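K.L.:
Got a sequence here, can you model it:
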Amino acid sequence: MPAVSKGDGMRGLAVFISDIRNCKSKEAEIKRINKELANIRSKFKGDKALDGYSKKKYVCKLLFIFLLGHDIDFGHMEAVNLLSSNKYTEKQIGYLFISVLVNSNSELIRLINNAIKNDLASRNPTFMCLALHCIANVGSREMGEAFAADIPRILVAGDSMDSVKQSAALCLLRLYKASPDLVPMGEWTARVVHLLNDQHMGVVTAAVSLITCLCKKNPDDFKTCISLAVSRLSRIVSSASTDLQDYTYYFVPAPWLSVKLLRLLQCYPPPEDAAVKGRLVECLETVLNKAQEPPKSKKVQHSNAKNAILFETISLIIHYDSEPNLLVRACNQLGQFLQHRETNLRYLALESMCTLASSEFSHEAVKTHIDTVINALKTERDVSVRQRAADLLYAMCDRSNAKQIVSEMLRYLETADYAIREEIVLKVAILAEKYAVDYSWYVDTILNLIRIAGDYVSEEVWYRVLQIVTNRDDVQGYAAKTVFEALQAPACHENMVKVGGYILGEFGNLIAGDPRSSPPVQFSLLHSKFHLCSVATRALLLSTYIKFINLFPETKATIQGVLRAGSQLRNADVELQQRAVEYLTLSSVASTDVLATVLEEMPPFPERESSILAKLKRKKGPGAGSALDDGRRDPSSNDINGGVEPTPSTVSTPSPSADLLGLRAAPPPAAPPATSGAGNLLVDVFSDGPAAQPSLGPTPEEAFLSELEPPAPESPMALLADPAPAADPGPEDIGPPIPEADELLNKFVCKNNGVLFENQLLQIGVKSEFRQNLGRMYLFYGNKTSVQFQNFSPTVVHPGDLQTHILPLAVQTKRVAAQVDGGAQVQQVLNIECLRDFLTPPLLSVRFRYGGAPQSLTLKLPVTINKFFQPTEMAAQDFFQRWKQLSLPQQEAQKIFKANHPMDAEVTKAKLLGFGSALLDNVDPNPENFVGAGIIQTKALQVGCLLRLEPNAQAQMYRLTLRTSKEPVSRHLCELLAQQF
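P.N.:
Below you'll find the predicted structure:
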């Protein structure tokens, strides 16, 4: 090897690397490495002390050998000695070797820690950064214990260089992720948050990453970061590309910092301060406006940076779900991406729109893109994009488009990728059941599903169709006829045979009058499939045969011959053999009456939640988002037909930010050969679907009203329908509502679902459904801490009406568990009956003990008089005639007020529909005005209501006029509705 001077940059290392690359075989490489290792070992053990340059060179060679995959068992002390050098290159190589080769259990850790402490105390910014990088790279608990207290001090020190602050913030983040308990923020919290105002953008970027991680565990400690983050984001968004030259990426100012700030804001609810919230809304609108501007560069980097900010902005808008105008604009912006030539943008647009579809305000806007999404499902080449398109169709489905969406998904299923067929099958089954008005359509859809993708139709799907057919007299004959025709196909899937065997065994008599489907024909058709089926299906068919003997005595001899055959009586499968022997004996010994009693028609199944949705959730995995939830549903959807009343349940969730889920098992039909299967129903607090997965019922109203048993109040205390223990608070014991109770209530006037209350301890979610004068509400109490709540007691009272002994509402409550585990959720069900009109909502008092300290809060339950609004359609002539009839001064309430939100016609329309009235078209001479009609349904009386809303865009004013047959109702509805605009 040629002589190397100290000034030529470790030429010996370059020569060694070149020799390794020139080796012709693995053996030659190992030989060269062993030779070099021997040389390095001799140098380290020699009597002559090596200078810093030689140590650095040999340590570098050891590092290179290690990276080639060879073990290194010496040289560690030499690397530690390099840490004490005052030369940057030598110290850098020492830290690099330690970061890569030294494990956390090494005996050298103490020496390394001493060297790091010396560098941190040196005030040399270069050496401090090297030490911080080493701590972050090793990231062991020992290093965390040694330096966790020093790093925050360096981070907030006024004399620390910007580069050191950046390194300190990221190092602290690494230690916090490895050992959260070792990072003592406390006294440093305010000063760390203040780094968001730092002049150096790199420091701000690193600080945002750190704060985002820290605030997830202690959100209240870092709540002050909201205003600072909004302020910083506002300055970035409103700046020109020349204002932040060092941090402008392809004409986009500080894109990565903007994205981090938007993600930080998603850790908190919308800002409470009106000024901060207004500034944030302005920022979000600016980002949406910039997305419409022509690109300043054709480079892909420009569009990537611009779209990164846009999609994170849309995520924040969806997270807040409180700005209708922004939600609709976000939906329109995403709609433009659905036909973009870039596949990734189409994927992200579909994914985001799945979440938007669950919002009260943007669901209708999402539905306008149905044709584009269907086209994507048919034509996209990328399977992941097609899967997202299927998710979006599922999320945007409601009663108005269910048949179209189910039809398209069935058509796609014929050519769908095998990886997603089962998921598509589950979605079609859920939608067909949820929105079936015509039960013959439901039966046709499920049988078509089995025909197209029988291998992917799980037991839950065909169990469910059997439950529904058994419980619905009006569909049984049609189901028997349809399944009989389906079984005549030459190639018939085994799941079709199972469904056919069960339905014909129960209801074959309904089609036996037709010679084409006479009893012998039915039996011959089923038996022709017998030998091609599995053991479980054959067992089911044997049960069908014995049912035939009861239904059709003329088939008895033929069926007994089949049961008597040696292939049955001596079958190798014990289940088939036992069934054949027992059924043959039963048919021979039992009298007609006994046979009829034993083999009588299956009784209706108790209505349960469907387990299909839970299976779909499991299929998608724990990260499944709102795209798989029931999503926002139209008020007329058959959401809770046939569902049973869920009992309070406690569910462990992975983190406080996870969706609050209620789980409920749903057993399948008890078909004789069928194996038992059960699933879970997942309840999403933030969708507008019901808490119970629907089964089919007569009509939405009949099913809803028959399912709810109105509470019969016998006394003023009947509001507390469940007998409460002595410790429960009475109305006089409940404190006043929290200051923001009216604001929280106001959010629910035009919507039924969402988060009613949230602080650092507790989250209360609401899902509700109202029909005529009855309602059902699900309250979800989520423990956001890791500590169990004790003596948990939510109580509903109506104090004002209790004092006067006049009950406008009867509320029947279900008690909840007294303990709520950390990270878990309990569910409470309320059945509500409106007895007469009312002005004040009930109060919800929640009391519990947290860490031994009593906690209590009182909220206004989101039950307002407009919840019992039934929309009424009427012609223009009828409207004006009724309007004139309600002409008394006390019957009219009018209010002129300034718009508090951007005046958008679509948003206004959505709010009026959410308020409960029907919107009447072509009634008002001015097409800009909105006219509505409806009836307040109470047990005592019905209150007719007509409304007219006149927007003035130029003056940014509204005039709202309501006329009802009862004076207090007019004033109260006018006040409620005016607050929404």
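K.L.:
my guess is Ser970 meets Glu892, correct?
P.N.:
Yes: assessed by C-beta atoms under 8 Å, Ser970 is found in contact with Glu892 at 6.3 Å. From N, CA and C alone the C-beta is placed, and that goes for glycine too.
K.L.:
which one of the two has more residues nearby?
P.N.:
Taking neighbours as other C-beta atoms under 10 Å, Ser970 and Glu892 compare with Ser970 leading, 24 against 18.
K.L.:
what's the helix or strand for that one?
P.N.:
helix 967-978 (DSSP states H and E).
K.L.:
on that earlier part again, find residues that contact each of Ser970 and Glu892.
P.N.:
962-963 (C-beta atoms under 8 Å, 6 or more residues apart in numbering).
K.L.:
so where's the stretch 101-250 of the chain shaky on pLDDT?
P.N.:
For the stretch 101-250 of the chain, the stretches with pLDDT under 70 are 104-106, 241-243.
K.L.:
sorry, back to before: for the helix holding Ser970, name the packing helices and strands.
P.N.:
Counting contacts by 3 or more C-beta pairs under 8 Å, 6 or more residues apart in numbering; DSSP states H and E, helix 967-978 packs against strand 892-898, strand 942-952, strand 957-964.
K.L.:
Put together a markdown table for these, with mean pLDDT and distance to Arg279 on each row.
P.N.:
Output for these, formatted as a markdown table (pLDDT from 0 to 100; distance: least, C-beta to C-beta, whole Å):
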| stretch | mean pLDDT | distance to Arg279 |
| --- | --- | --- |
| strand 892-898 | 89 | 20 |
| strand 942-952 | 89 | 26 |
| strand 957-964 | 90 | 24 |
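K.L.:
Redo those strands as a markdown table? Include distance to Leu744.
P.N.:
Below are those laid out as a markdown table (distance: least, C-beta to C-beta, whole Å):
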| stretch | distance to Leu744 |
| --- | --- |
| strand 892-898 | 21 |
| strand 942-952 | 24 |
| strand 957-964 | 23 |
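K.L.:
Any idea which of those strands gets closest to Gln301?
P.N.:
strand 942-952 (43.5 Å; C-beta to C-beta).
K.L.:
by how many degrees do that closest one and strand 957-964 diverge?
P.N.:
Angle between the axes of strand 942-952 and strand 957-964 is 160 degrees (criterion: axes from the mean of the first three to the mean of the last three C-alpha atoms, to 10 degrees).
K.L.:
Can you tell me the closest non-neighbouring residue to Ser122?
P.N.:
Met128 (6.8 Å; C-beta to C-beta, 6 or more residues apart in numbering).
K.L.:
three-state assignment of the one you found?
P.N.:
What DSSP: H, G, I helix; E, B strand; the rest coil gives for Met128 is helix.
K.L.:
Go ahead and report the secondary structure state at Leu50.
P.N.:
Here Leu50 takes the coil state, with states given by three-state DSSP.
K.L.:
Unless I'm misreading it, it sits right up against Ile40, doesn't it?
P.N.:
No: taking contacts as C-beta under 8 Å, Leu50 lies outside contact range of Ile40: 10.3 Å.
K.L.:
Give the residues shared as contacts by the two.
P.N.:
Counting by C-beta under 8 Å, 6+ apart, the residues touching both Leu50 and Ile40 are Tyr58.
K.L.:
that older thread, residues in contact with the helix holding Ser970: which ones?
P.N.:
Against helix 967-978 from outside (C-beta under 8 Å, 6+ apart): 749, 837, 839, 864-866, 890-895, 897, 915, 936, 943, 945, 947, 949, 958, 960, 962-964.
K.L.:
Likewise for stretch 906-920?
P.N.:
Stretch 906-920 is contacted from outside by 324-325, 328, 360-361, 364-365, 749-751, 866-874, 876, 879, 901, 930-934, 945, 947, 949, 951, 976-977, 980-981, using C-beta under 8 Å, 6+ apart.
K.L.:
buried subset of the residues you listed?
P.N.:
324-325, 328, 360-361, 364-365, 749-751, 866-872, 874, 879, 930-934, 945, 947, 949, 951, 976-977, 980-981 (16 or more other C-beta atoms under 10 Å).
K.L.:
Tell me which of those residues fall in strands.
P.N.:
869-871, 930-934, 945, 947, 949, 951 (DSSP state E).
K.L.:
which intervals of the stretch 301-450 of the chain have sub-threshold pLDDT?
P.N.:
Using pLDDT under 70, nothing in the stretch 301-450 of the chain is flagged.
K.L.:
between the helices and strands packed on helix 967-978, which gets nearest to Arg776?
P.N.:
When the helices and strands packed on helix 967-978 are ranked by proximity to Arg776, the top entry is strand 942-952, at 20.8 Å, counting by C-beta to C-beta.
K.L.:
ok now the closest one, how far from the chain's centre?
P.N.:
36 Å (C-alpha atoms, centre = their mean, to the nearest Å).
K.L.:
Need the residues that contact it.
P.N.:
Contacts of strand 942-952 (C-beta under 8 Å, 6+ apart): 837, 869, 872, 879, 882-883, 886, 899, 903, 905, 908, 912, 917, 924, 926, 928-936, 957-966, 969-970, 973, 977, 981.
K.L.:
got it, and stretch 224-232?
P.N.:
190, 193-194, 196-197, 204, 208, 211, 215, 257, 261, 264-265, 268, 271, 273, 276, 279-280, 283.
K.L.:
Tell me the buried residues in it?
P.N.:
225-232.
K.L.:
Pick the one among the residues you listed closest to Leu563.
P.N.:
Among the buried residues of stretch 224-232, and counting by C-beta to C-beta, the member closest to Leu563 is Ile226, at 75.3 Å.
K.L.:
which is the next helix or strand following the helix or strand where the closest one lies?
P.N.:
Using DSSP H and E, Ile226 sits within helix 225-237. Next in sequence after helix 225-237, counting helices and strands by DSSP H and E, comes strand 248-249.
K.L.:
What pairs with the helix or strand just after that following strand, parallel or antiparallel?
P.N.:
For strand 248-249, the following helix or strand on the C-terminal side (DSSP H and E) is strand 252-253. Each strand paired with strand 252-253, and its direction, by DSSP bridges: strand 248-249 (antiparallel).
K.L.:
Now find how far off-centre the strand it pairs with is within its chain.
P.N.:
Counting by C-alpha atoms, centre = their mean, strand 248-249 comes out at 34 Å from the chain centroid.
K.L.:
Excluding chain neighbours, what is closest to Ile738?
P.N.:
Nearest non-adjacent residue to Ile738, counting by C-beta to C-beta, 6+ apart: Leu857, 5.7 Å away.
K.L.:
outside of the helix or strand where the one you found lies, which residues touch it?
P.N.:
Counting by DSSP H and E, the element that carries Leu857 is strand 853-860. Strand 853-860 has contacts (C-beta under 8 Å, 6+ apart) with 734-738, 741-742, 744-745, 756-757, 761-762, 764, 841-849.
K.L.:
Please narrow the residues you listed to those residing in helices.
P.N.:
Judged by DSSP state H, helices contain the following of the contacts of strand 853-860: 741-742, 744-745.
K.L.:
Looking at those, which two lie furthest apart in space?
P.N.:
Pairwise over those, using C-beta to C-beta, the maximum falls at Asp742 and Leu744, 7.4 Å.
K.L.:
Give me the more crowded residue out of the two.
P.N.:
Taking neighbours as other C-beta under 10 Å, Asp742 and Leu744 compare with Leu744 leading, 19 against 12.
K.L.:
give the contact list for that one.
P.N.:
Contacts of Leu744 (C-beta under 8 Å, 6+ apart): 756-757, 859-860, 862.
K.L.:
Show me which of those is closest to Leu599.
P.N.:
So of these, ranked by how close each gets to Leu599 (C-beta to C-beta), first place is Pro862, at 51.6 Å.
K.L.:
Quick one, which of the helices and strands packed on helix 967-978 gets closest to Gly566.
P.N.:
strand 942-952 (72.1 Å).
K.L.:
With that, I have no additional questions.
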